[in-house]
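*Asks:* based on what follows, work out the 3D shape:
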Amino acid sequence: MKAIEFDDYGPPEVLHIADVETPEAGPGQVQLRVAAASVNPADVKWRSGALRSFSSVALTLPHIVGYDVSGTVLSAGPGVNRFRPGDRIVTALPKAGYAEVAVAEEAACAHLPDDVDFVQAAALPCAALTGVQMVERAIAPHRGETILITGATGAVGRFALAAALDMGTRVIAAVRPAYVDEALQLGAHQVILLDGSADAPQVDHVADTVGGPEVASLCRNVKPGGKIVTVSTTPIDPQGLPSPVEFFAYTREGERLARIVEDIARGKCSMPVVRRFPLASAAAAHRLMEAGGVGGKIVLEP
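*Replies:* Numbering: from 1, shown residues only. Sure thing, here's the model as predicted:
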């Protein structure tokens, strides 16, 4: 099969298409024909080598990039009960999503309704699961508490915001000036600017997707006992903060992903997809991601 891999860390140009062995489903796994794979910031950081010092996990090179895929089940391994050939699914992978065929753990897969297309679905797993799990598990707020969500209109932030609203919390969104109206449309009770000009409101917790000194300033008014949770690899200076900064990494969870897909199908929430590239143009997709300001997800189509 065809896949996108890199042999060494570097700029987008290290990505190349390669002929590799087609993976087979083992026990508890499904093999799927990939219809779409999303490009995540982590893909770019792994390829560039930026995460080598941040993570204890070492990549084996050459490495096939990609976490989030959607497609059609080709075969099911021993012990798989929920999926059969022909099923439309979406899943989060540990690796090797930029490919024509992938293998996923059954527990990480969710059925895909006919009214949710493959491209929209592929944009979901990593970002959406990170957003909801950060709020539901890492922060676990009580009803009526106030959560500050930075980057609340981004791919992760919008799902953190939705989860916080579902849990009955008051949400303050911290966003760039261009995204104020969108944050209000997503349901934020209050919006402040993430540009260093806003006075930090007192909040019970912070769910951060941005990192950096502007966020550190906003975190200084977290109430005693509150949580500051981040998914950003841009450091938040802990000096002077009332609580330690906790880094959160999501779990590949098919059951929770299925509920997110149901919300998408009902129109309760959405994930904007702004660009589609053929699989062979993965390097161009990474260049666009690195340029910043994309305003939505980038998806590859094998």
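*Asks:* next SSE downstream of the longest helix seen in the chain?
*Replies:* Ordering each helix of the chain by length in residues (DSSP state H) puts helix 254-266 first. Later in the chain than helix 254-266, the nearest helix or strand by DSSP states H and E is strand 273-278.
*Asks:* what comes up buried for that next one?
*Replies:* Within strand 273-278, the residues that count as buried by 16 or more other Cβ atoms under 10 Å are V273, R275, F277. Glycine gets a C-beta too; all of them are placed from N, C-alpha and C.
*Asks:* what's the answer for stretch 8-23, then?
*Replies:* Buried residues in stretch 8-23, defined by neighbour count with 16+ other Cβ under 10 Å: Y9, P12, V14, L15, I17, V20, P23.
*Asks:* quick check: pLDDT value at the second one.
*Replies:* Per-residue confidence (pLDDT) for P12: 97.
*Asks:* quick one, what contacts it?
*Replies:* R47, A282, A283, A284, H286, R287, E290 (Cβ atoms under 8 Å, 6 or more residues apart in numbering).
*Asks:* number of residues surrounding I298?
*Replies:* Residues lying near I298 (other Cβ atoms under 10 Å) number 21.
*Asks:* the closest residue to it other than its chain neighbours: neighbour count?
*Replies:* Nearest non-adjacent residue to I298, counting by Cβ to Cβ, 6 or more residues apart in numbering: V39, 4.2 Å away. By other Cβ under 10 Å, 27 other residues sit near V39.
*Asks:* how far away is the nearest residue to P213 once chain neighbours are set aside from R137?
*Replies:* Spatial nearest neighbour of P213, chain neighbours left out: D237 (6.6 Å); criterion: Cβ to Cβ, 6+ apart. Relative to R137, D237 is positioned 25 Å away (Cβ to Cβ, to the nearest Å).
*Asks:* for the closest residue to G168 other than its chain neighbours, helix, strand, or coil?
*Replies:* Spatial nearest neighbour of G168, excluding adjacent residues (Cβ to Cβ, 6+ apart): R143 at 3.6 Å. In three-state terms, and counting by DSSP: H, G, I helix; E, B strand; the rest coil, R143 is coil.
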